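Undergrad: how would this look folded up:
(chains A and B)
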Amino acid sequence: MATTISIADIANYEGQEVTLQGWLYNKTGKGKLQFLKVRDGTGIVQCVAFKKEMPEEAFEVARRIPQETSLLLTGMVRKDERAPGFPGGYEIGITQLDVIQEAEEYPIGHKEHGVEFLMENRHLWVRSPRQWAILRIRATVIRAVRDWLDDHGYLLVDTPILSSSAGENSTDLFEIDYFGQPAYLAQTGQLYNEANMAAFGKVYCFGPTFRAERSKTRRHLIEFWMVEPEMAFFSLEDLMDAEEAFVMYIIQQVLEKHRPELEMIGRDLGPLESIAAPFARISYDEAVERLNALAAETDDPERKSLLEIEWGTDFGSPHETAIAEMFDQPVFVYHYPTACKAFYMQPVEGRPEVCRSVDLLAPEGYGEITGGSERIFDLDLLQRRIQEIGIDPENYKWYLELRRFGGVPHAGFGMGIERTVAWICGLPHIRETIPYARMLTHLTP
RNA sequence: UCCUGGAUAGCUCAACGGCAGAGCAACCGGCUGUUAACCGGUAGGUUGCAGGUUCGAAUCCUGCUCCAGGAGCCA
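TA: Below you'll find the model as predicted:
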């Protein structure tokens, strides 16, 4: 009985007889010689069925079976430069072949398909090499996130997904029936993080978040995964230092572990490899100046009006892209107008119209991947802010109470996993960065 | 919610007022090194839905449905 192996480990079995269990990915034939590309979840290997080297009925099976048939095969591993696959360079000379389930006509062929069709068949699309590579990179991004935080003194403290009131504001929340009273799906774990940081110092939560926004762009999901670290005694500058190291680690891990996958999906590695700390840091004031300067020297009136910005308004997507394009590195933009940001952000000393907030914009037009700030820790100030923006203090009772029992300066940020993966993989659309994207028009599969 | 574009064979598309077609997939046959194999053959259609104009509509008009991209909002 031959050893059952994973394709990823095939190089260790050269010259040995092995068993493989997997699915037929593709087949090309030439009469008495059939090339079966088989995948097993860890990789793809070319298996060669040659009529003279195997039982007659097994060869007939090799000739007949369609794409995605599940199978069990045995054969000799040999090195061959011509053999395609992942990792490639090895192939298996089949001596025995058994079908587990012969597939019906498989909808996803090896030609191009439209977005609508692929999304309807997402449960099958995840098998395609490109999607397979992207989702493996996603898993590594998530692991790098967890490892870096765990290794730097942050404790994972989970925050609830169901809650009785809004996190930051009451719009774009999914409301559900919670035994007769309204409840909402979390759009952030941040308020709970602030309670947890006072217990554990440095904490983070990681999980799905929900935004009921009718957004229809390549950067938006209704359900997306966010990691949110929150740190006691952190200033805005500490926050930027941490984010910088954190993002660098994630990129290094992906480059180290997934070079073949990145090449497989056609990612230009140059811009990614050249990412290095320190990242640029500019103030909102400077960003507005730079945008208006750029608009001034732009001839195209349409683009000009997209770039022009009045101080005090938040950046639109064209602004973010334009700022990011001014740098080869990710760029921090800090001290946004207080009016544009959440109520709990700490105003700048002596200049309350701006706050101690910072967004990190990814290069190559990928926009905002993190957003964070120093939080208000003074009770009176926070109460005043709640009153100013007109939300019900009753909903923030426990949150306010954190400021009664040892309030300290603290800061935190949130990073969108899917946007980060989209940037690292160089993808045109965020829908490929999550196994089953929830979007305005996609709830199935 | 708004703006723009689209819907034709299982898939990707062509035909743009005059016989609805190709490639891939499927099926049959050939081929000992294929890389989206190739070669020959077969089958495959309520042209998104409803109405209108016309001798004649996939094509022009009206309404609707669905999809995509973008804006706003955000990570």
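Undergrad: List phi and psi for the closest residue to A:Asn12 other than its chain neighbours.
TA: Distance criterion CB to CB, 6 or more residues apart in numbering; nearest residue to A:Asn12, sequence neighbours excluded, is A:Ile5 at 7.9 Å. Heads up, the C-betas are built off the backbone N, CA and C, glycines and all. Phi and psi for A:Ile5, reported as degrees, to the nearest 10, are phi -120, psi 170.
Undergrad: Repeat that for A:Gln181.
TA: Torsion angles, degrees, to the nearest 10, at A:Gln181: phi -120, psi 150.
Undergrad: What are the neighbouring residues in contact with it?
TA: A:Ser164 (CB atoms under 8 Å, 6 or more residues apart in numbering).
Undergrad: any idea how far it lies from A:Thr209?
TA: 22 Å (CB to CB, to the nearest Å).
Undergrad: now swap in A:Leu73 and tell me
TA: The gap separating A:Leu73 from A:Thr209 is 44 Å, by CB to CB.
Undergrad: And those two? Which one has more around it.
TA: A:Leu73 (26 against 22; other CB atoms under 10 Å).
Undergrad: May I ask which helix or strand encompasses the more buried one?
TA: strand A:70-79 (DSSP states H and E).
Undergrad: in that strand, what's buried?
TA: A:71, A:73-77 (16 or more other CB atoms under 10 Å).
Undergrad: Please render those as CSV that adds pLDDT to the earlier fields.
TA: Shown next, in CSV, are the buried residues of strand A:70-79 (pLDDT from 0 to 100):
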residue, pLDDT
A:Leu71, 94
A:Leu73, 94
A:Thr74, 95
A:Gly75, 95
A:Met76, 95
A:Val77, 96
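Undergrad: hmm, back to that, paired strands for the strand holding A:Leu73, with orientation please.
TA: Paired with strand A:70-79 in the same sheet, following DSSP bridges, are strand A:17-30 (antiparallel), strand A:90-101 (antiparallel).
Undergrad: Please say whether there is contact between the worst-scoring helix or strand of chain A on mean pLDDT and RNA strand B.
TA: The helix or strand of chain A with the lowest confidence, counting by mean pLDDT, DSSP states H and E, is helix A:301-307 at a mean of 82. No - Helix A:301-307 lies out of reach of RNA strand B by CB under 7 Å from any atom of the strand, never closer than 7.7 Å.
Undergrad: roughly how far is that helix from the heart of the chain?
TA: Offset of helix A:301-307 from its chain centre (CA atoms, centre = their mean, to the nearest Å): 31 Å.
Undergrad: tell me which residues in the helix or strand following that helix are buried?
TA: Going down the chain from helix A:301-307, the next helix or strand is helix A:317-325, by DSSP H and E. Residues A:319-324 are the ones in helix A:317-325 that count as buried (16+ other CB under 10 Å).
Undergrad: tell me the contacts of the residue in the stretch 201-350 of chain A that RNA strand B sits nearest to?
TA: Residue of the stretch 201-350 of chain A nearest RNA strand B, by CB to the nearest atom of the strand: A:Gly316 (2.3 Å). By CB under 8 Å, 6+ apart, the contact list for A:Gly316 reads A:Leu306.
Undergrad: Phi first, then psi, for the closest residue to RNA strand B within the stretch 51-200 of chain A.
TA: Per CB to the nearest atom of the strand, A:Gly114 is where the stretch 51-200 of chain A lies closest to RNA strand B, at 2.6 Å. Reported as degrees, to the nearest 10, the phi and psi values for A:Gly114 are phi -80, psi 160.
Undergrad: Please report the distance of it from A:Ala139.
TA: 27 Å.
Undergrad: Quick check on those two: which one has the bigger neighbour count.
TA: A:Ala139 (13 against 8).
Undergrad: Doesn't that one belong to a helix?
TA: Yes - secondary structure of A:Ala139 (DSSP: H, G, I helix; E, B strand; the rest coil): part of a helix.
Undergrad: If I look at it, what pLDDT would I see?
TA: At A:Ala139, the pLDDT value in this model is 97.
Undergrad: for A:Gln181, same thing?
TA: We have a pLDDT of 88 for A:Gln181.
Undergrad: To which secondary structure element type does A:Phe246 belong?
TA: A:Phe246, by the three-state scheme (three-state DSSP), is helix.
Undergrad: residue contacts, it?
TA: If a contact means CB under 8 Å, 6+ apart, then A:Phe246 has A:145, A:148-149, A:229, A:415 as its contacts.
Undergrad: now swap in A:Gly426 and tell me
TA: Taking CB under 8 Å, 6+ apart as the test, what A:Gly426 contacts is A:265-268, A:272, A:364.
Undergrad: and with 6 Å instead?
TA: A:Arg267 (CB atoms under 6 Å, 6 or more residues apart in numbering).
Undergrad: Poorly predicted segments of chain A, please.
TA: By pLDDT under 70, the low-scoring segments of chain A are A:1, A:166-171.
Undergrad: For the stretch 101-250 of chain A, which segments count as helices?
TA: Listed in chain order, the helices found in the stretch 101-250 of chain A under DSSP state H, counting those that start in this stretch are A:115-120, A:122-125, A:129-151, A:190-200, A:236-257.
Undergrad: Please produce TSV containing the buried residues of strand A:70-79, extended by distance to RNA strand B.
TA: Output for the buried residues of strand A:70-79, formatted as TSV (distance: CB to the nearest atom of the strand, whole Å):
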residue	distance to RNA strand B
A:Leu71	15
A:Leu73	16
A:Thr74	17
A:Gly75	12
A:Met76	11
A:Val77	13
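Undergrad: tell me the domain boundaries of chain A?
TA: A:3-101, A:123-279+A:327-433 (automatic domain parsing).
Undergrad: Switch those domains over to JSON lines; also include distance to A:Met439.
TA: Below are these laid out as JSON lines (distance: least, CB to CB, whole Å):
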{"stretch": "domain A:3-101", "distance to A:Met439": "26"}
{"stretch": "domain A:123-279+A:327-433", "distance to A:Met439": "6"}
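Undergrad: List, one by one, the residues from the stretch 51-200 of chain A near RNA strand B.
TA: Counting by CB under 7 Å from any atom of the strand, the stretch 51-200 of chain A sits next to RNA strand B at A:51-52, A:66-67, A:80, A:82-84, A:91, A:105-107, A:109-117, A:119, A:168, A:172, A:188.
Undergrad: and A:Glu14, what is it in contact with?
TA: With CB under 6 Å, 6+ apart, A:Glu14 has these contacts: A:77, A:79.
Undergrad: Tell me the spacing between it and RNA strand B.
TA: According to CB to the nearest atom of the strand, to the nearest Å, A:Glu14 and RNA strand B sit 15 Å apart.
Undergrad: neighbours around the residue lying closest to A:Pro330 once chain neighbours are set aside, how many?
TA: Once flanking residues are discounted, A:Pro330 sits nearest to A:Phe279: 4.8 Å by CB to CB, 6+ apart. Close neighbours of A:Phe279, defined as other CB under 10 Å, add up to 19.
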